[in-house]
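Undergrad: Turn this into a structure:
(one chain, ligands or ions: 1)
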Amino acid sequence: MKRKFKAGVCQMLVAGQKDDNLAKARSMIREAAANGSEIVVLPEMFNCPYNSRLFPQYAESFPAGKTFKMLSEAAAAEGIYLVGGSLPERENGNIFNTSFVFGPQGEFLAKHQKIHLFDVDLPDGLSFHESKTLARGKVITVVKTAVANLGVAICYDIRFPELSRLMVLMGADVIVLPASFNMNTGPAHWELLLRTRAVDNQVFVIGAATARDTSASYVSYGNSAIVGPWGDIIARADEKETIIYADIDPGEIDKIREALPLLKHRRTDIYHIKSQQ
Ligand SMILES: NC(=O)CC(=O)C(=O)O
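TA: Numbers count the residues shown, from 1 in each chain. Modelled structure (predicted):
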């Protein structure tokens, strides 16, 4: 069943100490839930500064790590669906940039390991190589909830339209994207990408960014946003720590697809897209 719900996006400022980040995330989740959010989303690497060198040090193995315990406890205590941003996850000798999703009883529902790693050397001097310490995920993730189906991707994943389209073909109504764009690519591409994926696929897109810390080695753009299936921005943050909210009605998707049947009009006799998994 799909029905209207409120989503809350916690644009949190990530600090150096993991325990401080867990405490901050917990209190923002509490506030978002108290304000009526049934789905709460945290940003990318919310328990760890976004720095490849630090990922191994902050990494945890599921289900023992304290970050998972906090996420599961928070989801149960607040009775919400929680897309727990992402964190460095240790699995079989590798580290992944992974988003964990928990349900209203605190039950683990799914995880998404970032498929496309951010390995770039930008003209302004920003060099970032996630693959120095991280491994690439291989699985496309769509999570069924009582209110909507969530396609989960992480940050750089949004640049690859095939992934969003496949999640939508697998039934996603909302693409949920924990992220941390930067001061180079953020102003140029962040809003454009969120809106384009929403318009291409006629779905909601939730981009949950970290707040901006100008003293960090990697400066986040912030600007978390929730975009509707017509491409309209229905909630938006600036760069500071905050929570944004939007009422999401999955019924809007059907109305827009009836009026403008993009998915039906695809010429699958000429081209088609398929996942290898
Ligand atoms: N940090 C990322 O994964 C992606 C990003 O900042 C960008 O694509 O730009």
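Undergrad: thought P56 was touching I95?
TA: Yes: under the criterion of CB atoms under 8 Å, P56 makes contact with I95 at 6.0 Å. Every residue, glycine included, has its C-beta placed from N, CA and C.
Undergrad: and these two? which has more neighbours close in?
TA: Set side by side, P56 and I95 show more neighbours around I95, with 20 against 13, by other CB atoms under 10 Å.
Undergrad: where does the more buried one land in three-state SS?
TA: Judged by DSSP: H, G, I helix; E, B strand; the rest coil, the three-state class of I95 is strand.
Undergrad: wait, what's in contact with it?
TA: If you count contacts by CB atoms under 8 Å, 6 or more residues apart in numbering, I95 has them with 55-56, 59, 88-89, 133-135.
Undergrad: so how far is S72 from F62?
TA: Separation of F62 from S72 (CB to CB, to the nearest Å) stands at 10 Å.
Undergrad: can you list residues touching both of those two?
TA: F108.
Undergrad: Comparing these two, which residue is more hemmed in?
TA: In this view F62 and S72 are compared by other CB under 10 Å, and S72 has more residues nearby, 20 against 15.
Undergrad: Which of the helices or strands spans the more buried one?
TA: Using DSSP states H and E, S72 sits within helix 66-78.
Undergrad: Need the overlap of contacts for P56 and I95.
TA: Applying CB under 8 Å, 6+ apart, one finds that P56 and I95 are jointly contacted by 88, 133.
Undergrad: and the residue nearest to A32 when sequence neighbours are not counted, what element?
TA: The spatially closest residue to A32, leaving aside those adjacent along the chain, is G8, at 3.2 Å (CB to CB, 6 or more residues apart in numbering). Using DSSP H and E, G8 sits within strand 5-11.
Undergrad: which sections of the protein are below the confidence cut-off?
TA: Within the chain, not a single segment meets pLDDT under 70.
Undergrad: Tell me the residues of it that contact the ligand?
TA: Within the chain, the positions adjacent to the ligand are 118, 155-156, 159, 180-182, 185 by CB under 6 Å from any ligand atom.
Undergrad: Checking my notes, Y218 in a helix, right?
TA: No: looking at Y218 with three-state DSSP, it is coil, so not inside a helix.
Undergrad: Phi and psi next, for the nearest residue to L163 once chain neighbours are set aside.
TA: Excluding the flanking residues, the one nearest L163 by CB to CB, 6+ apart is D157, at 5.6 Å. Here is the backbone geometry of D157 (degrees, to the nearest 10): phi -50, psi -30.
Undergrad: Could you count how many residues lie near D157?
TA: 26.
Undergrad: hang on, it packs against H116?
TA: Yes: between D157 and H116 a contact is recorded at 5.2 Å, counting by CB under 8 Å.
Undergrad: shared neighbours, the two?
TA: L163.
Undergrad: and the angle from the helix ranked longest in the chain to helix 66-78?
TA: Longest helix in the chain, counting residues (DSSP state H): helix 18-34. Calculated by axes from the mean of the first three to the mean of the last three CA atoms, to 10 degrees, helix 18-34 forms an angle of 20 degrees with helix 66-78.
Undergrad: which helices and strands does helix 18-34 pack with?
TA: Helix 18-34 is packed against strand 5-11, strand 39-41, helix 66-78, strand 242-248, with contacts defined by 3 or more CB pairs under 8 Å, 6 or more residues apart in numbering; DSSP states H and E.
Undergrad: what about the nearest residue to I253 once chain neighbours are set aside, how many neighbours?
TA: Leaving aside its sequence neighbours, I253 sits nearest to P229 (CB to CB, 6+ apart; 5.0 Å). Using other CB under 10 Å, P229 is surrounded by 24 other residues.
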